[in-house]
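**Student:** output the structure for:
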Amino acid sequence: MFRNLLFHHINRCYGRSLRLTTLIATLTLTVSCARMGQPDGGWYDETPPRVIGATPAEGAVGVNAKKIYIYFNEYVTIENPTEKVVVSPPQLEMPEIKGQGKRIMVELKDSLKPNTTYTIDFSDAISDNNESNPLGNFTYTFSTGDAVDTMEVAGYVMEAENLEPVKGMLVGLYDNVSDTAFTSLPMLRVSRTDSRGRFVIRGIAPGNYRVYALQDMDGDYKFSQKAEKIAFSHDIIVPSSKPDVRQDTIWTDSLHIRSIRPVNYTHFLPDDIVLKAFTEVQTDRYFLKAERKEADHFTLFFSAGSDTLPEIRGLNFDGHDAFLLEKSEKNDTLTYWLRDTALVNQDTLRLSMRYLTTDTTGVLVQQTDTLDILSKNPYAKRLKKQEKEREDFMKKVEKALKRGDKVDTVMPREKMKPEVKAPAELDPDRNISFTFPVPLARLDSNAVHLYAKHDSLWYRAPLQIRRRTLRDYELLGEWRPEIEYSLEVDSAAFEDLYGKVNDKFKQGFKVKSLDDYSSLFVTLSGLKSSDAVVQLLDRSDNVVKQAKAEGGQAEIYFIRPDTYYLRLFVDTNGNGVWDTGDYAAGRQAEEVYYFPEAIECRAKWDVSRTWNVNARPFYAQKPGEIVKQKSDKKKTVKNRNAERAKKLGIEYIPPTE
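**Tutor:** Now for the predicted structure:
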């Protein structure tokens, strides 16, 4: 074979130069020697393995055997069959799949269903043993009835929140089109998404179907746990097919096209189904744990929040007015700050907690637990640390006194240290934030001063301090571009729950010039709802700014020069944040769209864009530069013969397929 291939190459090139006569003899000898183990190695095998038979035969009907053998013309390997090979109908007991030299054995463990087409989709798992030439997308089919079903449907599964392709998600069909099928019955036929989120379900009989996607956590092929990621469509799928023609490109190598030829094929429809996957909000509420990392507070963690807060009763302490409560946004994490320092020094807090929890029927009921909450930083350990700090302080005092220095012999009390976020250059639409390690007992706003510099003179500037959460505050000012400011805080302006106060501090910053920014104006079309939020994204798909669209327009100001992207979500409930879906309520996650191109924002520029959100299908909207789930590299023949021929100075022409 190699000799014929070589002479084919040489004969094609012979008319170009008579000097190839000598080369023919030399290369013929080289090929002959290569077969006998010449170090050069000879021509590479670039032919994928070929199926030469199967038991039962491919496409066989009336099959009742659960053990299948597929035979090849050379030794083969099968890569990661538990993930890459998909058997349909789905198998509740994992089938055994393994390579055996020149054959692959598949043993189905489940009972065979009558009058059913079975497909075993090997994807790109099969390669030859020596050169790893991939067989490609190979599917083996048989039927337990008297006919093989041949219909196919295909599409994509995307993350509903950000249109990321979802890899490895189960996609299945039901011929039972009721809503309860997904939660009560295993899927009828299945596939699994690839790295592009693409799926193809094969071996389908004519009929009406509904399609679902499932991140199956318990292997039952149905939506049985609220923590499982799902996607569903209300549409009825009717598989069909038609004859069609596609253009196939044959490459000489990675850079050169050998030919483009039309190929007749059967086009199965629909092939553009889009499913948007989401995880429902966890509504089953149960107590997770209690934690007391520091002695001055403890935290209760729940699986989900509730408007009804737990009732806490102290068992070894007086629980009346003993706490200051810090709640998370969803009320699923509750932190109790101890008001009394005597209680802080108590290493074990024994308490009774009465709270709402979800029972086995899904109903919220009252439950009472007794908790012993131990400090991870016990009193003795803290006392020892304080003694060590006092000893170190007294040693410094003694050294200072010996030198004759004037020194305060009273150890100063530890100061409270708030975290102040005041960048050196402040955007005009930003504010200064304060985060305190412990909740405040007192805030003296008159001890917080803001000064603005005009014509080299400093003037008092108006300010307002607003509490955002129990420990987070915001300083608002009338920020003027190109003006320098000085934030000055007196000592003891802030006092926390345990009497600690801050030391005085001063910080300067400047509000940037308007010429340092860009503005973006977006005109929208194709939306069914006017309630939309447009989000400006950085190169990592993170939200930088957002604006509500009004009258089909969205305006975003004070954009720092950079490359950005745009996302939009339809804010159905008007709460300003993206919300997930709910299968039981038949509610999809809020619609998300991506502007398909990057947007360059430059200083002093006003950028305008017109955006028809339906101009591209969902699976083609998100720009590839910010897609995190990158496509796996497609397995291909390595084309090393082309490189070898180039080194030998002859033209390489691949064998005709």
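
**Student:** only C-alpha atoms for contact and neighbour calcs from this point on.
**Tutor:** Will do.

**Student:** what distance do you get for residue 600 to residue 95?
**Tutor:** Relative to residue 95, residue 600 is positioned 52 Å away (C-alpha to C-alpha, to the nearest Å).

**Student:** neighbour-wise, which of these two wins?
**Tutor:** Taking neighbours as other C-alpha atoms under 10 Å, residue 600 and residue 95 compare with residue 95 leading, 19 against 13.

**Student:** which ones are touching the nearest residue to the more buried one once chain neighbours are set aside?
**Tutor:** In space, and not counting its chain neighbours, residue 95 is closest to residue 108: 4.7 Å by C-alpha to C-alpha, 6 or more residues apart in numbering. Listed by C-alpha atoms under 8 Å, 6 or more residues apart in numbering, the contact set of residue 108 reads 66-67, 91, 94-96.

**Student:** now restrict those to buried residues only.
**Tutor:** 91, 95 (16 or more other C-alpha atoms under 10 Å).

**Student:** make TSV out of the contacts of residue 108 and add pLDDT and secondary structure.
**Tutor:** Formatted as TSV, the contacts of residue 108 follow (pLDDT from 0 to 100; DSSP: H, G, I helix; E, B strand; the rest coil):
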residue	pLDDT	secondary structure
66	95	coil
67	96	strand
91	94	coil
94	92	coil
95	95	coil
96	95	strand
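
**Student:** need the contacts of residue 108 in CSV (columns: distance to residue 462).
**Tutor:** As requested, these are arranged in CSV below (distance: C-alpha to C-alpha, whole Å):
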residue, distance to residue 462
66, 81
67, 82
91, 70
94, 70
95, 73
96, 74
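
**Student:** for the protein, give the helix that spans the most residues.
**Tutor:** Across the chain, the longest stretch assigned as helix under DSSP state H is helix 379-402.

**Student:** where exactly do the helices run in the stretch 151-300 of the chain?
**Tutor:** Using DSSP state H, counting those that start in this stretch, the helices of the stretch 151-300 of the chain run over residues 181-184.

**Student:** what residue ranges in it score low on pLDDT?
**Tutor:** Residue ranges of the stretch 151-300 of the chain with pLDDT under 70: 252-255.

**Student:** repeat that for the chain.
**Tutor:** 1-45, 252-255, 635-643, 651-657.

**Student:** tell me how far the ends of stretch 209-227 are from each other?
**Tutor:** OK, stretch 209-227 end separation, C-alpha to C-alpha: 25 Å.

**Student:** show me what counts as buried in that stretch.
**Tutor:** 209-216, 220-224.

**Student:** got it, and stretch 614-627?
**Tutor:** 618-619, 621-622, 626-627.

**Student:** about what we covered before: right, and the helix or strand after the longest helix of the chain?
**Tutor:** Next along the chain after helix 379-402, taking DSSP states H and E as the criterion, comes strand 419-421.

**Student:** partners of that following strand, with directions?
**Tutor:** When pairing is defined by DSSP bridges, strand 419-421 lines up against strand 432-435 (antiparallel).

**Student:** can you name every helix or strand that the helix or strand following the strand it pairs with contacts?
**Tutor:** Next along the chain after strand 432-435, taking DSSP H and E as the criterion, comes strand 440-443. Secondary-structure packing of strand 440-443 (3 or more C-alpha pairs under 8 Å, 6 or more residues apart in numbering; DSSP states H and E): strand 494-496.

**Student:** counting contacts, what elements does whatever helix or strand comes next after the strand it packs on pack onto?
**Tutor:** Once the chain leaves strand 494-496, the next helix or strand it forms, by DSSP H and E, is strand 505-511. The elements that strand 505-511 packs onto, with contact taken as 3+ C-alpha pairs under 8 Å, 6+ apart, are strand 425-426, strand 484-489.

**Student:** can you list contacts of the helix or strand following strand 505-511?
**Tutor:** Per DSSP H and E, strand 505-511 leads on to strand 518-525 as the next helix or strand towards the C-terminus. With contact meaning C-alpha under 8 Å, 6+ apart, strand 518-525 is reached by 552-561, 601-613.

**Student:** now the buried members of those residues.
**Tutor:** 552-561, 601-603, 605, 611, 613.

**Student:** can you name the two of those that are farthest apart?
**Tutor:** 603 and 613 (27.2 Å; C-alpha to C-alpha).

**Student:** identify the residue spatially nearest to residue 503, adjacent ones excluded.
**Tutor:** Of all residues beyond its chain neighbours, the one nearest residue 503 is residue 491 (4.5 Å), with distances taken as C-alpha to C-alpha, 6+ apart.

**Student:** now residue 198
**Tutor:** Nearest one to residue 198, counting by C-alpha to C-alpha, 6+ apart, is residue 156 at 4.5 Å.

**Student:** these two touch, right, the one you found and residue 272?
**Tutor:** Yes. Using C-alpha atoms under 8 Å, residue 156 is in contact with residue 272, at 7.0 Å.

**Student:** how far does stretch 426-436 stretch from start to finish?
**Tutor:** 21 Å.

**Student:** got the buried residues for it?
**Tutor:** 426-428, 431-436.

**Student:** residue contacts, residue 601?
**Tutor:** Counted by C-alpha under 8 Å, 6+ apart, residue 601 has contacts 518-520, 559-564, 607.

**Student:** residue 336 pairs with what?
**Tutor:** Residue 336 forms beta bridges with residue 298, residue 325, as assigned by DSSP bridges.

**Student:** sorry, back to before: pick out whichever of residue 156 and residue 272 has more residues nearby.
**Tutor:** Set residue 156 next to residue 272 and count neighbours by other C-alpha under 10 Å: residue 156 wins out with 24 against 15.

**Student:** quick one: which of the contacts of residue 601 is nearest residue 113?
**Tutor:** Checking these against residue 113 with C-alpha to C-alpha, the nearest one is residue 564 at 53.5 Å.
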